[in-house]
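Structure for the following, please:
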Amino acid sequence: MEKRKRNIQIKFRVTEEEKQLIEQKMAQLPTRQIGAYLRKMAIDGLIIYTDTTNIKEMNKELHSIGVNINQIAKRVNETGSIYEEDIKEIQERLNKIWQLQRTILLTLP
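Numbering: from 1, shown residues only. I've put the predicted structure just below:
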């Protein structure tokens, strides 16, 4: 019985399209062994993670502003007047969005 250096086997499934993509990427390298390629990618491959928390928060604020604008438009259509408090609230929320957007842009690589 032969003793292997690599004696632990890891298996995973892919779709036909994923297999073709793997083969296309493998073709760019000198290796022809899929095991060697996948091992190298799993150990040394680059993973890019983007934290989208700020973007989600900004989207939440945008949605909230949209809801407020719809409520204000409904009230204006019913009464024919607009309240200064409503305009101030929208301006404050817009300022918060601008701040979030600046923060997002500053954190990008």
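
mind checking how far the residue sitting nearest the centre point of the chain is from Ile8?
Closest to where the C-alpha atoms of the chain average out (Cα atoms, centre = their mean) is Thr52, at 5.3 Å. Counting by Cβ to Cβ, to the nearest Å, the gap from Thr52 to Ile8 is 35 Å. Bear in mind the C-beta positions are built from the backbone N, C-alpha and C, glycine included.

got it, and Glu18?
23 Å.

Could you do Leu100 as well?
For Leu100, the distance to Ile8 - Cβ to Cβ - is 46 Å.

So which of those two has more stuff around it?
Shown here are Leu100 and Ile8; by other Cβ atoms under 10 Å, Leu100 has more neighbours (18 against 5).

Who are the contact partners of that one?
Asn54, Glu57, Met58, Glu61 (Cβ atoms under 8 Å, 6 or more residues apart in numbering).

one more time with 10 Å
Asn54, Ile55, Glu57, Met58, Asn59, Lys60, Glu61, Leu62 (Cβ atoms under 10 Å, 6 or more residues apart in numbering).
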